[in-house]
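Participant: show me how the following folds:
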Amino acid sequence: MEINPNYLIKKNKGKILLHRKNQSERGFILDNEIYSIIKKLKKSRLQKNRLSPLEKTTVEVFKYLNLIKDRKNILINTPLIKRRRVKAQIPLSLVILNYNGKKHLKALLDSVLEQTYRNFEVIVIDNCSTDNSLKIIKRYKKLSIKLISLKNPKSFSYANNLGIKKAKNNFVLFLNNDLKLEKNCLNNLIFKTQKAKNWAAIALKMRMYYSPKIINSLGVSLKEKRFGYDNFLGLIDFGQIDDTKQIMASSFGAVLVKKDLFEKIGVLDDNYYFYYEDLDWCYRAQLLDYKILTCPEALVYHKFSGSSTGRKGNLKKIKLAIINRIYFVSKNFNKFYLKKFLKNYLIEDFLKFGVHLIKFRFLYALNYLKAYFELLKKITQILKKRKKINQIKKKYPIKEKNIIKKALPYLPLTDGNFVLLNKEILTLYYMDLFLKNKVRFGFLGYASKAKGFFVLLKVFEQIANQYLGKVPVELKIFGKIERPSFWNKRRINRLKERQIIKEFGDYKRKDLGKIFNQIDVLIIPSLWNELYGLVLDEAKLFKTPVIVSDKGALKERITDKLDGLVFNSQKKQDLMKKIEIFLKKPELIKNISRNIKSPKKFKKHSSEIRKIILESL
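Facilitator: Okay, the predicted model is just below:
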């Protein structure tokens with residue numbers, strides 16, 4: 001197996017880059033471990049039958065991304081986008097925002113012409129372009145494009161609001177000029193509307209134009225740390241996120257909205273100029289009890305950072321992001337969340353400002369000062385807007401925490417325009433897709449607080465949150481569960497929904513053989529001092545590896561890393577690390593089971609204890 005000849009590997013500033021020969025500004029960043037696997041690939045040192053889980057995952061991911069010349073026997077193929085049967089031809093308005101899109105418009109308009117769904121009008125709003133992109137628009141006479149040229153440069157919000165006014169139809173699809181639509185995109189989007197209810201916006205799935213199997217976005221999220229971010233940015237698309245239904249917000253770079261709702265929810269806030277206006281509108285929609293949905297089958301390809309590049313563009317981007325995230329939370333959030341978010345944002349900005357000064361990046365440091373100076377000018381506007389939002393909240397008592405909870409986890413999968421392919425990411429996000437079986441953990445006995453059961457649940461929830469697709473772990477519970485608290489009950493239900501835990505209820509000793517056949521590793525997470533731990537003997541009898549807490553006799557009866565693993569009962573994260581050892585190295589289960597000695601029989605054990613007592617007398 002060889003690396004695709006169209007790709008180059010080079011080291012730059014301590015980073016190992018893999019990119020196309022003609023595209024050095026984007027590609028993949030590898031770590032030393034993945035790089036060594038690639039070297040073995042080049043020299044054909046990897047034997048197919050003896051691949052470790054990491055080597056197998058690396059080979060399959062590289063095949064899928066077309067980074068390997070030999071692509072035979074691919075385990076997972078690209079998810080097919082089927083054309084759905086639409087019941088009624090609902091008219092659609094496509095609103096395309098253009099600014100100097102000469103390089104991008106041809107790909108977009110060609111893809112619009114190729115759509116299998118034909119009942120639409122096209123509106124292009126040009127924001128004072130200077131690159132002759134209008135000539136390209138005028139060539140597409142078949143689309144009967146309605147061209148609106150702005151006399152002066154306007155904000156993203158203003159242009160979108162104008163598009164809503166000019167649209168004939170109730171369903172309006174906003175599109176950036178640096179997109180390309182998959183041929184069934186509009187058809188599948190209309191199909192989604194026929195099933196969905198009470199929605200305000202539907203987000204399309206964006207993949208990267210230059211790396212068409214990498215996700216760019218499926219909606220956007222905002223949390224109390226960092227700027228707003230694209231959901232799943234940099235994730236390789238194996239179809240593992242296609243069951244995502246509701247999100248916090250949709251990017252208005254590719255979104256379907258209803259024109260009539262703009263009268264009820266209000267137009268996009270023109271004070272943002274660029275960035276966060278989509279989050280703001282979606283937030284207000286949810287305050288009125290509307291849903292923000294996704295349609296993964298409506299696929300578009302986006303030229304990531306295609307419309308704003310260069311140092312000046314980057315400075316402007318950062319400045320707007322600093323202003324707009326504080327403007328957003330100050331305008332919309334109640335006192336509790338405002339304090340929580342604002343505190344973190346101010347600390348983040350202060351630290352970044354200090355770092356830029358230390359590193360002599362004075363332009364970037366000055367950018368922060370300019371941003372805060374502009375924010376001070378907007379205080380009266382913020383207070384007026386906040387008053388209006390509070391009036392809406394009184395009429396519609398929607399809990400804000402339910403909207404904020406829809407923010408999906410931030411995934412650190414990119415570095416600028418480069419996608420990270422290192423050991424940690426391949427293990428965490430993709431390995432489970434290529435491993436045939438889950439690692440089956442078991443808990444036996446009365447599932448109570450003292451036995452550490454609820455700590456175990458928290459750990460499994462943390463592990464589950466790290467994985468997006470099929471979680472390569474399962475917890476089987478044999479025995480009664482102590483009456484759980486409200487939060488633990490919710491945790492149990494969530495884990496059941498994701499098929500991570502299974503309850504089997506009480507069991508009889510005669511069924512122990514069947515039980516231990518269903519588990520690979522037994523966990524004994526006791527928080528109280530165990531005098532003996534009979535269940536440990538049962539595990540040893542069936543040669544089952546164990547993870548035990550360091551309480552009482554348990555740690556004395558296990559040799560750590562030989563016939564089991566011992567974790568620090570004071571540290572929840574230590575238990576998580578021990579579980580992850582088996583997840584990352586499933587072959588360890590067999591190795592440990594070979595070292596397990598059968599427990600002593602009761603008669604022999606009791607005679608030994610009797611002997612010790614007699615000797616001590």
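Participant: could you export the one helix or strand Leu522 maps to as PDB, CA atoms only?
Facilitator: Per DSSP states H and E: Leu522 is located in strand 521-524. Extracted C-alpha coordinates of strand 521-524, given in PDB (Å, rounded to 0.1, in the frame of the first residue of the first chain):
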ATOM      1  CA  VAL A 521     -14.400  -7.200  32.300                       C
ATOM      2  CA  LEU A 522     -16.000  -7.000  35.800                       C
ATOM      3  CA  ILE A 523     -16.000  -3.600  37.700                       C
ATOM      4  CA  ILE A 524     -16.100  -3.500  41.500                       C
END
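Participant: name the helices or strands packed onto that strand?
Facilitator: Contacts defined by 3 or more CB pairs under 8 Å, 6 or more residues apart in numbering; DSSP states H and E place strand 521-524 against strand 439-444, helix 534-541, strand 546-549, helix 572-584. Using the backbone N, CA and C atoms, a C-beta is placed for each residue, glycine as well.
Participant: buried residues in the second one, which are they?
Facilitator: By neighbour count on 16 or more other CB atoms under 10 Å, the buried set for helix 534-541 is Val535, Leu536, Glu538, Ala539, Lys540.
Participant: what does stretch 29-38 give?
Facilitator: In stretch 29-38, counting by 16+ other CB under 10 Å, buried: Ile29, Leu30, Asp31, Ile34, Ile37, Ile38.
Participant: which one of these is nearest to Asn568?
Facilitator: Asp31 (28.7 Å; CB to CB).
Participant: ok, the closest residue to the closest one other than its chain neighbours - contacts?
Facilitator: In space, Asp31 comes closest to Asn422 once its chain neighbours are excluded; the distance is 3.8 Å by CB to CB, 6 or more residues apart in numbering. Asn422 sits next to Ile29, Leu30, Asp31, Glu33, Ile34 when contact means CB atoms under 8 Å, 6 or more residues apart in numbering.
Participant: just say helix, strand or coil for Ile477.
Facilitator: What DSSP: H, G, I helix; E, B strand; the rest coil gives for Ile477 is strand.
Participant: contact partners for it?
Facilitator: In this structure, Ile477 makes contact with Gly442, Phe443, Ala447, Ile501, Lys502, Glu503, Phe504, judged by CB under 8 Å, 6+ apart.
Participant: ok, of these, which come out buried?
Facilitator: Using 16+ other CB under 10 Å, the buried ones in the contacts of Ile477 are Gly442, Phe443, Ala447, Ile501.
Participant: need those in a markdown table with distance to Arg207, can you?
Facilitator: Below are the buried ones among the contacts of Ile477 laid out as a markdown table (distance: CB to CB, whole Å):
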| residue | distance to Arg207 |
| --- | --- |
| Gly442 | 40 |
| Phe443 | 41 |
| Ala447 | 43 |
| Ile501 | 33 |
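Participant: closest to Gly513 among those residues?
Facilitator: Using CB to CB, Gly442 comes nearest to Gly513 of those, at 13.3 Å.
Participant: mind pulling the model confidence for that closest one?
Facilitator: The model reports Gly442 with a pLDDT of 94.
Participant: give me the beta-bridge partners of it?
Facilitator: Lys476, Leu522 (DSSP bridges).
Participant: so it touches Ile519, yeah?
Facilitator: Yes - the pair Gly442 / Ile519 is scored as a contact, 3.3 Å apart, by CB atoms under 8 Å.
Participant: residue contacts, the residue nearest to Lys223 when sequence neighbours are not counted?
Facilitator: Using CB to CB, 6+ apart and skipping the chain neighbours, the partner closest in space to Lys223 is Ala407 (5.3 Å). By CB under 8 Å, 6+ apart, the contact list for Ala407 reads Ser221, Leu222, Lys223, Met248.
Participant: surely Ala407 is in a strand?
Facilitator: No - counting by three-state DSSP, Ala407 is not part of a strand but coil.
Participant: go through stretch 107-115 and flag the buried ones.
Facilitator: So stretch 107-115, judged by 16+ other CB under 10 Å, has buried residues Ala107, Leu108, Leu109, Ser111, Val112, Gln115.
Participant: who touches it?
Facilitator: 94, 96, 101, 122, 136-137, 140, 142-143, 175, 177-187, 209.
Participant: for stretch 376-396, same thing?
Facilitator: Asp269, Asn271, Arg284, Leu287, Leu288, Asp289, Ile323, Tyr327, Ser330, Lys331, Asn332, Asn334.
Participant: rerun at 10 Å
Facilitator: 265-266, 269, 271, 280, 283-284, 286-289, 323, 326-328, 330-334, 338, 375, 398, 400 (CB atoms under 10 Å, 6 or more residues apart in numbering).
Participant: please state the offset of the helix or strand of the chain with the lowest mean pLDDT from the chain centre?
Facilitator: When each helix and strand of the chain is scored by mean pLDDT, DSSP states H and E, helix 431-434 comes last, with a mean of 75. Distance of helix 431-434 from the chain centroid (CA atoms, centre = their mean, to the nearest Å) equals 16 Å.
Participant: what does stretch 566-584 give?
Facilitator: With CA atoms, centre = their mean, you get 24 Å for stretch 566-584.
Participant: export that stretch as PDB, just CAs?
Facilitator: Extracted C-alpha coordinates of stretch 566-584, given in PDB (Å, rounded to 0.1, in the frame of the first residue of the first chain):
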ATOM      1  CA  VAL A 566      -6.800  -1.100  40.700                       C
ATOM      2  CA  PHE A 567      -8.100   2.500  40.700                       C
ATOM      3  CA  ASN A 568      -8.000   5.300  43.200                       C
ATOM      4  CA  SER A 569     -11.500   5.500  44.700                       C
ATOM      5  CA  GLN A 570     -11.000   9.200  45.500                       C
ATOM      6  CA  LYS A 571     -10.500  10.000  41.800                       C
ATOM      7  CA  LYS A 572     -13.400   9.400  39.400                       C
ATOM      8  CA  GLN A 573     -11.100  10.100  36.400                       C
ATOM      9  CA  ASP A 574      -8.800   7.300  37.500                       C
ATOM     10  CA  LEU A 575     -11.600   4.800  37.000                       C
ATOM     11  CA  MET A 576     -12.200   6.300  33.600                       C
ATOM     12  CA  LYS A 577      -8.500   5.900  32.700                       C
ATOM     13  CA  LYS A 578      -8.600   2.200  33.700                       C
ATOM     14  CA  ILE A 579     -11.800   1.600  31.500                       C
ATOM     15  CA  GLU A 580     -10.100   3.400  28.600                       C
ATOM     16  CA  ILE A 581      -7.100   1.100  28.900                       C
ATOM     17  CA  PHE A 582      -9.300  -1.900  27.900                       C
ATOM     18  CA  LEU A 583     -11.000   0.200  25.200                       C
ATOM     19  CA  LYS A 584      -7.700   1.200  23.600                       C
END
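Participant: model confidence over that stretch, on average?
Facilitator: Mean predicted lDDT for stretch 566-584 stands at 89.
Participant: stretch 415-426 now?
Facilitator: Taken as a whole, stretch 415-426 has a mean pLDDT of 90.
Participant: show the end-to-end separation of it, please.
Facilitator: Using CA to CA, to the nearest Å, the end-to-end distance of stretch 415-426 comes to 16 Å.
Participant: can you check stretch 257-267 too?
Facilitator: 12 Å.
Participant: Lys438 - how many residues pack around it?
Facilitator: 17 (other CB atoms under 10 Å).
Participant: next one: it from Ala464, what distance?
Facilitator: 12 Å (CB to CB, to the nearest Å).
Participant: which one of the helices and strands packed on strand 521-524 lies nearest to Gln23?
Facilitator: helix 572-584 (32.9 Å).
Participant: contacts for the following helix or strand past that closest one?
Facilitator: Downstream of helix 572-584, the next assigned helix or strand under DSSP H and E is helix 588-595. Contact with helix 588-595 is made by 439-440, 520-521, 542-546, 559, 561-565, 581-582, 585, as judged by CB under 10 Å, 6+ apart.
Participant: alpha carbons of helix 588-595, as CSV, please.
Facilitator: Written as CSV, here are the backbone C-alpha positions of helix 588-595 (Å, rounded to 0.1, in the frame of the first residue of the first chain):
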residue,chain,number,x,y,z
LEU,A,588,-5.2,-6.9,27.1
ILE,A,589,-8.4,-8.7,28.2
LYS,A,590,-7.0,-12.0,27.0
ASN,A,591,-3.5,-11.3,28.3
ILE,A,592,-4.9,-10.6,31.8
SER,A,593,-7.3,-13.6,31.8
ARG,A,594,-4.3,-15.9,31.2
ASN,A,595,-2.7,-14.6,34.5
